[in-house]
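S.K.: Got a sequence here, can you model it:
(5 chains)
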Amino acid sequence: MGYFDKRYHPPGTAPGTFTANEGLAQSPMSLHLLDYSPEHIHVQANARVADCQPFIPQESVTWLHVAGHPSADQIAELGQLFNLHALALEDVLNSGQRPKIEPFADQLFIVMNIPIMQAGKVSIEQISFFLGKNFLLSFCRLDISLFDMILKRLQDGASRIRCRQPDFLLYSLLDVVIDSGFPVLENFGIQLEDVEENILDKAGPDTLETIHILKRELILLRRMLWPQREVINQILRDDHPLIRDDSHVYFRDCYDHTIQIMDLLETYRDMTGSMLDVYLSSVSNRMNEIMRVLTVISTIFIPLTFIVGVYGMNFDRSAGGWNMPELGWSFGYPLVWGVMLLIAAGLLYVFRRRGWL
Amino acid sequence: MGYFDKRYHPPGTAPGTFTANEGLAQSPMSLHLLDYSPEHIHVQANARVADCQPFIPQESVTWLHVAGHPSADQIAELGQLFNLHALALEDVLNSGQRPKIEPFADQLFIVMNIPIMQAGKVSIEQISFFLGKNFLLSFCRLDISLFDMILKRLQDGASRIRCRQPDFLLYSLLDVVIDSGFPVLENFGIQLEDVEENILDKAGPDTLETIHILKRELILLRRMLWPQREVINQILRDDHPLIRDDSHVYFRDCYDHTIQIMDLLETYRDMTGSMLDVYLSSVSNRMNEIMRVLTVISTIFIPLTFIVGVYGMNFDRSAGGWNMPELGWSFGYPLVWGVMLLIAAGLLYVFRRRGWL
Amino acid sequence: MGYFDKRYHPPGTAPGTFTANEGLAQSPMSLHLLDYSPEHIHVQANARVADCQPFIPQESVTWLHVAGHPSADQIAELGQLFNLHALALEDVLNSGQRPKIEPFADQLFIVMNIPIMQAGKVSIEQISFFLGKNFLLSFCRLDISLFDMILKRLQDGASRIRCRQPDFLLYSLLDVVIDSGFPVLENFGIQLEDVEENILDKAGPDTLETIHILKRELILLRRMLWPQREVINQILRDDHPLIRDDSHVYFRDCYDHTIQIMDLLETYRDMTGSMLDVYLSSVSNRMNEIMRVLTVISTIFIPLTFIVGVYGMNFDRSAGGWNMPELGWSFGYPLVWGVMLLIAAGLLYVFRRRGWL
Amino acid sequence: MGYFDKRYHPPGTAPGTFTANEGLAQSPMSLHLLDYSPEHIHVQANARVADCQPFIPQESVTWLHVAGHPSADQIAELGQLFNLHALALEDVLNSGQRPKIEPFADQLFIVMNIPIMQAGKVSIEQISFFLGKNFLLSFCRLDISLFDMILKRLQDGASRIRCRQPDFLLYSLLDVVIDSGFPVLENFGIQLEDVEENILDKAGPDTLETIHILKRELILLRRMLWPQREVINQILRDDHPLIRDDSHVYFRDCYDHTIQIMDLLETYRDMTGSMLDVYLSSVSNRMNEIMRVLTVISTIFIPLTFIVGVYGMNFDRSAGGWNMPELGWSFGYPLVWGVMLLIAAGLLYVFRRRGWL
Amino acid sequence: MGYFDKRYHPPGTAPGTFTANEGLAQSPMSLHLLDYSPEHIHVQANARVADCQPFIPQESVTWLHVAGHPSADQIAELGQLFNLHALALEDVLNSGQRPKIEPFADQLFIVMNIPIMQAGKVSIEQISFFLGKNFLLSFCRLDISLFDMILKRLQDGASRIRCRQPDFLLYSLLDVVIDSGFPVLENFGIQLEDVEENILDKAGPDTLETIHILKRELILLRRMLWPQREVINQILRDDHPLIRDDSHVYFRDCYDHTIQIMDLLETYRDMTGSMLDVYLSSVSNRMNEIMRVLTVISTIFIPLTFIVGVYGMNFDRSAGGWNMPELGWSFGYPLVWGVMLLIAAGLLYVFRRRGWL
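M.R.: Model prediction:
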């Protein structure tokens, strides 16, 4: 995740302008069309925009998943067909949006962020929904396989999802989007436990890097996911006619999950802060230990080296009896050793008693 | 307590799906059935689900405690018997939930976390309640012995608990759940006082570890207990018909206890933060003390060692009168000692006056 | 003040159970009874519970101060006489409560904490009030001397306190309770100014300890006093019939004082945090100063010691002209001294120019 | 500014007691009386309390500024004349109040704090206002010169202030009180910029002291000024009849200024926090630099000193061919020098390549 | 950006006083006048105030952009022509205002701050708007080129902006003002990523400076932009008749952008805090590494230097057999070398095993 992931028009661009993201032309739009009622289900992969037309006036639920990056023309065509607001469509194109909900007269526009784990790395994809009276549109760079479980449940004619209105489909998709946070957070939890296990004994510069990366990703993730709570809350609070009363219990379940995810994110952030403190203390403790022992060793040898230096002086003993008479004593050498051993032992004793060694 | 303790379905699973926790099959479900009115009490340990049936239509209060992990079938059977909502039952199975309250038309579903102290370690168990018109269901991994005190009070026909509706039983159980926080926090308080006593004089790396573990457990405990306040508050605020007016004063007492527990948790967190600061300062102070003394010792001996080195040089005194004439003085040696003692004394004096020693 | 000061029943105890605090039996209950109207005042120290009975049906204001620890029997007797709620009485016994207000039909139950300064140490005492139509009960471990000023004012028949209802008496006592925070905070302010004066020049390990203790006491004090604001605010907000309208202006004054106390507490906490930072910087600055000077001294002598070491080598000058010819020069020795002095001066110059000395 | 600047009565003093501040008797009360209408203005410096009497029943606006410390008698006399509430007058005497607003039936009592810059030092003075139907009283230790600009504007018969009611005069004075914060904050801004300029290169212990003092003053200033926002907000929110509707736009302007001042205070506090961090890092960086260079120098000389020590040993070469044959080589001495230079160069090369020098 | 950028009158100045900013006389006022309806557009650069007069009574939309610093006279002339409130005009002149909205009876006064990137430096310009029934006034130090995109869109007769009322023009300009934050934040994001890349390996004192400057600019930027959210929110919340209902959806889009900008600012502040921590740890880690290696080197040589010192002593071997007999051994010298190598190897082994090297 980068720090600045917001795509924006140059300030002053007219509202509702669609600019194709040239850099993204490599993943062209692909449509996945479903139409279902309790009695039937129609699935059409790689549909064209025109294929949707016949289903719009019908009572059955139509779900169109737009994967990849639609061109400006394609988005305009879709907008006209489903009567979508230009400002909303602009937000679909300019990805990097904050999760939000925008109620229109006969539609509900919702932007969410879905966290994806790939090869141990977390990334965020924007996913946008248009909920109409009898249709649901979903836009995402990723294709429909994201919702494989939902497709499977739709095949079952007796399932609750087949028997209900598009608001239940919206709930089902939002549930997938939100619950995708759990495996990501589980992974964070495991990494944090790993760090914690090593932090007191085996902490090294790579520990610092790991903590920093975890902290950074948690900050960025929090920014992307935090407003989801507000979005679901607004669905529950506002009495939009498209959200039926008997779906409220399901959205409330969604809401609980967004709170759980935020709780975990906050807890993990607290923990990384705490771990950084412990890491620093632990590194500093170990460093202090080393320096203390080494300095004590030096301090013991320094007076000894002075003493042997003394008896390395070349004073002329013949010049007078006061000049280094010790050198002439027959037990001078062992005496010096004795004195030196005594000093060393004394210092060791003092240092140990003071707890310095 | 681990960092990630939430059990969750793969994203996209149909709402209300019951998956048996295979890893948990070793603690099978056991039912404890009580039925009481002011006049009678019927207790049946190790009951079967079917045993509850006759008591449901009766006016008397029925309490069923479900210990251990029920299988998906058993949970479905219970759900049908007591008419429980599938989403709520899913939350019972997927433990690691955030405490919450979910009002249904004729039932109240409550999830709480109970902190348990075992062998000095804190763990958290989820406990779920279904309150109906004339029954209360409680689900927990732990068995009924948790509520031994309540069982004893129920035996007494004159006790308030026997004479009142299931909402009073709910209050009594919630009171046990919440008050279980007090012994846990008392234990934390004792540990914090232990740490504090030693922090200035005898702080070592294990102190750091203790503070870190305390901080970590307080963070995790806070996450699990914080929402309990909101749950009790919602019982008081919402006018759910199952909570009778004359029970409000008891729930308000419960609410006070949740606030007291949160207050203590916050205070303890503040204290661990403060202790970490003091620990670091204290360790650094002690280290500085050591380094200062050792460095002063070295600094005193370094010029002395230089001096004895000077008179260890082998300049040829016969080559000229300027070459180390001191060596030939008859009092050269004692003179050098004198100079060295003066230097040492001078340095000691300076260092002491500057407060370095 | 300890970290855990809450007395609590074992979880599961029936609500309204009175357990005598055995450890506290040494300070037995003593009653101080006052009954007054504008026309008369009756004072009875060391009263018995039964002595209160005749005053209850009368219109005059009755104030009963219960000092020390009443036994379970005594508390039950008082409860029956004044018709007090069992849950409230339980809170009176289980001291360490959070300040709170509990409105009953015809009574108001208030718990407050009064900070006491004794021999430079701060402690907290719980004080509980029951306000009835024509009586006020106060419970506290400390005796009536706490309210000496009020007793004196009650003696004066013309005083406002004699002419008004028990809510004014309650206000007067609460005012004493809250204002007791001022001398305590003044003492903290003085200590903080003391610390601040010394922090830059004379900071030592005891400064650290002082800051830590101040911080700790401020955290604990804040926990005990913070909810008082809410209690007074609730008296003002709720229109309880026992609080007459013309007393509001007085309670508002009380409320201002609770805010001022909280303001001061928060400011002091900010200051201790700031002081800890400055203390650490200041200690580290002084340490750095010492280490720098000592290290510079060592660094100057190290090359000199090397040089004198060179001329202490025993190469056989007779083995060839390249072997230490300097030793044979007639000015070798002074030359070496000159070189060494030059090096020392050069290093000193460099270090001083770089600002290292 | 001191930490504890609240003057308070001993807990238990009767509300509305006036105690003269003995320590403050040296600045006796002086009254400045103005009475004006669009047609006339009457100014009387050094007025007596009795001088005000004739103006009270008149329709014209009367402004009485009470400078210095009134005695208890004087305050009582004023209170009786203008019918002021005793609790409010107590707050006038007990300076060190938190800014607040107290609405009475026919009066508005306002306490504010005015920050004063004198000789580079900030101090806070309490200023209290009583707004009546046709009068305004202001109490402050400082004399009327504080409001010189207002006096000048009052002289101009065509000015807006002369044509309006006392609420506009109140606004004008409050505007002076609040705007006095701007020069104080400008001064803080300049000091912060000064600190910032030096912090990376020339930071010394005095920088630490400056930052600490700035932080401390900002904390104390914030405590004194923060509630002013709430006071002005309350004037705007409550529909007190004494504040006319057409004055709202002016008070709203005042409110904006209080917010700007708070914004600046918060920003400055953030900056001092940030600066302390940078200061610490910067000092530590410089210290590290010094220690590194010095230690590298020592480390280079230590092996060299060892080598010269080796050849200063006195082994008896005549005892065997293995005993220090190097001493007898004809190029031994230059060889040793060569080896030593190589070692020194090698170490320098290694250290430099690792970026240690 | 400086710390104190608020221009203010001396406290006590009459409200609505216009003082020319003398220091700013160099950029004189220049007017840019536009008048348009769906059918026509009239553009007049370098207009005079009087030129606006004919357009005011007409139904068409009039936009007057006032660039540079108007003199006190010019501002008064404009104020009279468009009937602007004096307090609002004062805020136009006293730049450095906090963004705010002030509703007047028939006008809306809005102050915003526009962040400008010039040569990698961020600066803030105040921009003020007066929205009337059929006109919009904008005041800014910068000239109209700021709104070049809007001018271009106005040329297109079919564009939405030409067909709508001045509230849509206001939205379009506010959109430019707010969206100008995106390139600025993008630049911050890039700088943060730069810092982050180098922070673990190549962090130096300049990294510290960069982090500090980023942090400082983010704090100041936050202060200037934070209230914009509230301004737009107030436009949406208050039902001012000048803001038509069908413009709400556009202002809501604006509001989303202000939230996104605040989100990014907060995230960046979090990141700089985190980076400072990592920087400090990283610098300290590297320093520790160096010191450890150097100290280990010293510690290995210190005992060796002691040993060679021992055999440099001059004890008189002829005085007795105990005096340094080692010197006379035929293998003494190689033995000493052997011992020294053993010691060095032993120490190296110990240090390496303990992970100190």
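
S.K.: Look up how far A:Ser27 lies from the residue lying closest to A:Ala67 once chain neighbours are set aside.
M.R.: In this structure, A:Ala67 finds its nearest non-sequential neighbour in A:Asp143, 4.0 Å apart by Cβ to Cβ, 6 or more residues apart in numbering or on different chains. (Glycine included, C-beta is placed from N, CA and C.) To A:Ser27, A:Asp143 is 9 Å away according to Cβ to Cβ, to the nearest Å.

S.K.: residues shared between the contacts of these two?
M.R.: Taking Cβ atoms under 8 Å, 6 or more residues apart in numbering or on different chains as the contact rule, A:Asp143 and A:Ser27 both touch A:Gly68.

S.K.: which bits of chain A sit near chain C?
M.R.: Residues of chain A found near chain C (Cβ under 8 Å from any Cβ of the partner chain) are A:Gly312.

S.K.: and chain A, what are its domains?
M.R.: Chain A breaks down into these domains under automatic domain parsing: A:22-282, A:311-353.

S.K.: for the residue in the stretch 251-357 of chain A that chain D sits nearest to, helix, strand, or coil?
M.R.: Proximity of the stretch 251-357 of chain A to chain D (Cβ to the nearest Cβ) peaks at A:Gly312, 6.7 Å away. Secondary structure state of A:Gly312, per DSSP: H, G, I helix; E, B strand; the rest coil, is coil.

S.K.: What residue in the stretch 1-150 of chain A comes nearest to chain D?
M.R.: Closest point on the stretch 1-150 of chain A to chain D, by Cβ to the nearest Cβ, is A:Tyr3, at 19.5 Å.

S.K.: Can you name the residues that contact the nearest residue to A:Phe301 once chain neighbours are set aside?
M.R.: Spatial nearest neighbour of A:Phe301, excluding adjacent residues (Cβ to Cβ, 6+ apart): E:Ile302 at 4.7 Å. Shown in contact with E:Ile302 (Cβ under 8 Å, 6+ apart): A:Ile297, A:Ser298, A:Phe301, A:Ile302, A:Thr305, D:Ile302.

S.K.: now, which of these lie within helices?
M.R.: Among the contacts of E:Ile302, the members falling in helices are A:Ile297, A:Ser298, A:Phe301, A:Ile302, A:Thr305, D:Ile302 (criterion: DSSP state H).

S.K.: Please, which helix or strand holds the residue nearest to the spatial centre of chain A?
M.R.: In chain A, the residue lying closest to the centroid (Cα atoms, centre = their mean) is A:Glu217, at 3.4 Å. A:Glu217 is part of helix A:205-237, with elements assigned from DSSP states H and E.

S.K.: List the residues that contact the nearest residue to A:Gly309 once chain neighbours are set aside.
M.R.: If the residues on either side of it in the chain are set aside, A:Gly309 comes closest to B:Val308, at 3.6 Å by Cβ to Cβ, 6+ apart. Residues in contact with B:Val308 (Cβ under 8 Å, 6+ apart) are A:Phe306, A:Gly309, A:Val310, A:Gly312, A:Met313, B:Val336, B:Met340.

S.K.: From B:Leu348, how far off is B:Val308?
M.R.: Separation of B:Val308 from B:Leu348 (Cβ to Cβ) stands at 18 Å.

S.K.: now do A:Asn198
M.R.: Distance from A:Asn198 to B:Leu348, by Cβ to Cβ: 46 Å.

S.K.: For chain E, what's the nearest residue on the stretch 251-357 of chain A?
M.R.: In the stretch 251-357 of chain A, the residue that lies nearest chain E is A:Ser330 (2.8 Å; Cβ to the nearest Cβ).

S.K.: how about that residue, secondary structure?
M.R.: Classification of A:Ser330 by three-state DSSP places it in coil.

S.K.: Tell me which stretches of chain A form strands.
M.R.: A:30-36, A:41-47, A:61-67, A:100-103, A:108-118, A:121-131, A:135-140 (DSSP state E).

S.K.: Quick one: closest of those strands to B:Phe251.
M.R.: For B:Phe251, the closest of the strands of chain A is strand A:100-103, at 34.5 Å, according to Cβ to Cβ.

S.K.: Distance from the chain centre to that closest one, please.
M.R.: Put simply, strand A:100-103 sits 25 Å off its chain's centre (Cα atoms, centre = their mean, to the nearest Å).

S.K.: Can that strand be said to contact chain E?
M.R.: Yes: interface with chain E: strand A:100-103 contributes A:Lys100, A:Glu102 (Cβ under 8 Å from any Cβ).

S.K.: can you check stretch A:178-194 too?
M.R.: No: contact of stretch A:178-194 with chain E is not found when judged by Cβ under 8 Å from any Cβ; the minimum separation is 15.7 Å.

S.K.: Quick one: mean pLDDT over that stretch.
M.R.: Stretch A:178-194 shows a mean pLDDT of 92.

S.K.: how about it: buried residues?
M.R.: By 16 or more other Cβ atoms under 10 Å in any protein chain shown, the buried positions in stretch A:178-194 come out as A:178-186, A:188-189, A:191-192.
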